[in-house]
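Visitor: Got a predicted structure plus its sequence, pasted below:
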Amino acid sequence: MAKQYQTLGEFIIDNQADFPYSSGELSRLINSIRLAAKVVNHEVNKAGLVDIIGAYGETNIQGEDQQKLDVYANQKFIQTLTNREIVCGIASEENDDFITIAGCNNDHKNKYVVLMDPLDGSSNIDVNVSVGTIFSVYRRVTPIGTPATKEDFLQPGNKQVAAGYIIYGTSTMLVYTTGHGVNGFTLNPALGSWYLSHPDMKFPENGRIYSINEGNYVHFPEGVKKYIKYCQEEEEDRPYTSRYIGSMVSDIHRNMIKGGIFIYPKSSKAFNGKLRLLYECNPMAYIIEQAGGKASDGFSRIMDIQPAELHQRAPFFAGSKNMVEKAEEFMKKFQ
């Protein structure tokens with residue numbers, strides 16, 4: 001049972017018994033992520049004062065313009081995880097390919113790989129809207145002692161051993177799961193410590209918020225259009241409230257606390273959807289399911305999809321269980 005107001009470090013130590021096979025590496029990995037998050041948080045909070053906002057001048061593998069903070073966050077998380085020699089490989093939304101990491105003796109003995117979106121919602125940086133970091137952890141499937149390969153990264157989401165996100169907002173929070181529920185920690189900037197502020201986070205089974213970019217309505221599948229109209233109908237429990245920030249971390253964090261559904265479907269402009277299966281959908285789905293919610297591609301469980309490539313995209317329907325199931329009904333009916 002989580003004890004409120006304990007620090008993240010204390011929480012990790014108290015819960016190490018949940019991972020008898022990890023010999024402490026997973027705990028050290030989470031500790032590294034919290035350190036990198038504090039460094040990135042410092043830069044995000046002073047972005048308007050220094051030359052850290054705006055476009056970097058290059059595009060990433062997705063064909064998107066990189067922001068300066070995208071590049072900075074990517075470098076800091078990779079640097080922190082590499083220097084601590086905890087993982088055997090890292091894959092990032094910002095990099096074309098995965099990175100193989102050897103130990104100090106070039107022994108490749110580390111057990112875990114990390115996949116991440118170092119700065120989700122970075123197009124919102126210039127207008128001072130919340131952004132976040134998303135991460136996902138898997139045990140490697142290739143033999144220990146050999147370099148990590150793509151096989152270690154192309155695992156379905158149901159093989160995750162940990163996942164989380166950091167939201168850089170009015171307060172900075174780290175929310176994560178290791179398969180034993182979801183807990184949220186808030187950074188006290190004066191002390192530099194993370195404190196358990198949201199123990200055992202749960203999605204309400206029902207909600208009254210739907211989050212989708214309705215500006216793309218004409219491009220959506222018929223099932224999504226019908227579900228949006230359902231959300232807007234005058235009924236006893238409706239209409240629902242439309243809330244869309246454009247930073248998935250922020251939208252899902254709000255919906256987990258208040259109850260709601262987040263949808264980023266496929267469309268005539270993005271036939272496979274826009275969100276990345278490995279860096280965004282799977283880690284968020286793991287958190288959402290651990291919090292009692294549901295995550296799917298509109299028809300089936302997101303975490304059961306077998307990835308075929310590092311930057312694979314997928315439609316995403318996630319949030320309060322009953323709302324997601326209702327959306328799936330519309331998708332199947334109008335398929």
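Guide: Yep, it's here. Numbers count the residues shown, from 1 in each chain.
Visitor: Can you show me the helices along this protein?
Guide: For the chain, applying DSSP state H gives helices covering 8-14, 25-45, 68-83, 150-153, 222-232, 248-258, 282-290, 321-333.
Visitor: For Lys225, see how far away Ile33 is.
Guide: 39 Å (Cβ to Cβ, to the nearest Å). Glycine gets a C-beta too; all of them are placed from N, C-alpha and C.
Visitor: okay, the two: which has more neighbours?
Guide: Ile33 (24 against 16; other Cβ atoms under 10 Å).
Visitor: The more buried one reaches Phe135, doesn't it?
Guide: Yes: between Ile33 and Phe135 there is a contact under Cβ atoms under 8 Å: 6.0 Å.
Visitor: Now for the two: what residues contact both?
Guide: Taking Cβ atoms under 8 Å, 6 or more residues apart in numbering as the criterion, Ile33 and Phe135 both touch Phe77, Gly164.
Visitor: Let me see the contact set for Gln16.
Guide: Contacts of Gln16 (Cβ under 8 Å, 6+ apart): Gly24, Ser27.
Visitor: what's the spacing between it and Asn74?
Guide: Taken as Cβ to Cβ, the span from Gln16 to Asn74 is 29 Å.
Visitor: Same check on Lys111?
Guide: With Cβ to Cβ as the criterion, Lys111 and Asn74 are 23 Å apart.
Visitor: out of the two, which sits in the more crowded spot?
Guide: Taking other Cβ under 10 Å, Lys111 and Asn74 do not tie; Asn74 has more neighbours (23 against 18).
Visitor: Who is the spatially most central residue of the chain paired with across the strands?
Guide: The residue lying closest to the centre of the chain (Cα atoms, centre = their mean) is Ile134, at 3.4 Å. Ile134 forms beta bridges with Asp117, Tyr165, as assigned by DSSP bridges.
Visitor: Let me know how buried the nearest residue to Thr133 once chain neighbours are set aside is, in neighbour terms.
Guide: Nearest residue to Thr133, sequence neighbours excluded (Cβ to Cβ, 6 or more residues apart in numbering): Ile166, at 4.4 Å. Neighbour count for Ile166, taken as other Cβ under 10 Å: 32.
Visitor: before we move on, what about the one 4 residues further on?
Guide: When counting by other Cβ under 10 Å, one arrives at 7 neighbours for Thr170.
Visitor: Report the contact partners of it.
Guide: Thr170 neighbours (Cβ under 8 Å, 6+ apart): Ser130.
Visitor: try Ser123
Guide: Gln67, Gly246.
Visitor: Please tell me how far it sits from Val40.
Guide: 17 Å.
Visitor: What of Glu25?
Guide: On the measure of Cβ to Cβ, Glu25 and Val40 end up 22 Å apart.
Visitor: So between those two, which is more surrounded?
Guide: Val40 (26 against 19).
Visitor: Was I right to think that one contacts Lys76?
Guide: Yes: shown here, Val40 and Lys76 form a contact pair, counting by Cβ under 8 Å, at 5.5 Å.
Visitor: anything in contact with each of the two?
Guide: Pro118.
Visitor: which ones are touching the residue nearest to the centre of the chain?
Guide: Met116, Asp117, Asp120, Ala163, Gly164, Tyr165, Met248, Val249, Tyr279, Glu280, Pro283, Met284.
Visitor: list the contacts for the first one?
Guide: Think Met116. Phe77, Ile90, Ala91, Ser92, Glu93, Thr133, Ile134, Phe135, Ser136, Tyr279.
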